[in-house]
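> Show me the folded form of this:
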Amino acid sequence: MNWMGAVAVALGYLLGAIPFGYLLVKRRLGEDVRGAGSGSTGATNVARTAGPALGAATLALDVGKGYAAVALAAWLTGNAPLWMAAAGFAAIVGHSFPVFLGFRGGKSVATGVGVFLFFTPLAVAAALGVWVLALLIWRYVSLASILAAAAYPVLAYALAQPPLEVSVAAVAGSCLIILRHRENIARLIRGEESRLTRKRNP
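Below is the predicted model:
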């Protein structure tokens, strides 16, 4: 069982490392999305660089690969919480540091949503509620993502009380996601972060 768990973790990382945003933009525009905007391969930067349709596709695929990493680990290890949680965290790491792109990836928000959607869908829905509320109030996607990531482990414990292994992965994943937003945090402090704006017809 241990070697199957190790295989599950390795596959989780490789799934997470698939750079869907990079591939979609490269195919559509022939450009490296990391050279534009925030430099991330995630859905927000893809949407800003290549349009909302590609951003939505990236979002769905990134959520899907996170979910698939845990589902595959569950199948390989007979639903062992330790290996499922480890594979899920590995997928989050893979998205942030993909071996296929020289370890320069995204912020792992959508991949994290997919991972923890498998374990605690109600808590993920509540964290998305935090994200939406924060976005409506302050109009910063980055701040909304940071607050939702910080809230998720608490919400998961309060609403689902998952196994300890999942709780540890939730805290670790949230910390990594927040750390990946460190440049956004610096811009927020300086008042230089871009807000989500509404386009108005002339």
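
> which residues sit against stretch 130-138?
140, 141, 143, 144, 145, 147, 148, 151, 155, 195, 196 (CB atoms under 8 Å, 6 or more residues apart in numbering). (C-beta placed from N, C-alpha, C; glycine too.)

> same thing but 10 Å
Residues from elsewhere that reach stretch 130-138, judged by CB atoms under 10 Å, 6 or more residues apart in numbering: 109, 113, 140-141, 143-152, 155, 188, 193, 195-196.

> Centre of the chain to it, how far?
17 Å (CA atoms, centre = their mean, to the nearest Å).

> mind starting the numbering at 26 from now?
OK, 26 is where the count begins now, so the last one is stretch 155-163.

> who's in contact with residue 211?
217, 218.

> Need the CA coordinates for the strand or helix carrying it. CSV is fine.
With secondary structure defined by DSSP states H and E, residue 211 is part of helix 207-215. Extracted C-alpha coordinates of helix 207-215, given in CSV (Å, rounded to 0.1, in the frame of the first residue of the first chain):
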residue,chain,number,x,y,z
ARG,A,207,3.1,37.6,-1.7
GLU,A,208,3.7,40.0,-4.6
ASN,A,209,0.0,40.8,-4.7
ILE,A,210,0.1,41.4,-0.9
ALA,A,211,3.0,43.8,-1.4
ARG,A,212,1.1,45.7,-4.1
LEU,A,213,-2.0,45.8,-1.9
ILE,A,214,0.0,47.4,0.8
ARG,A,215,1.4,49.9,-1.6
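
> What residues sit buried inside that helix?
By 16 or more other CB atoms under 10 Å, the buried positions in helix 207-215 come out as 209, 212, 213.

> lowest-pLDDT helix or strand in this structure?
Least confident element among the helices and strands of the chain, by mean pLDDT, DSSP states H and E: helix 68-75 (a mean of 92).

> Against which helices or strands is that one packed?
helix 45-54, helix 77-102, helix 134-144, helix 166-184 (3 or more CB pairs under 10 Å, 6 or more residues apart in numbering; DSSP states H and E).

> okay if I get those helices as CSV plus mean pLDDT and distance to residue 108?
Formatted as CSV, the helices and strands packed on helix 68-75 follow (pLDDT from 0 to 100; distance: least, CB to CB, whole Å):
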stretch, mean pLDDT, distance to residue 108
helix 45-54, 95, 24
helix 77-102, 97, 4
helix 134-144, 98, 13
helix 166-184, 97, 19
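
> No more questions from me, cheers.
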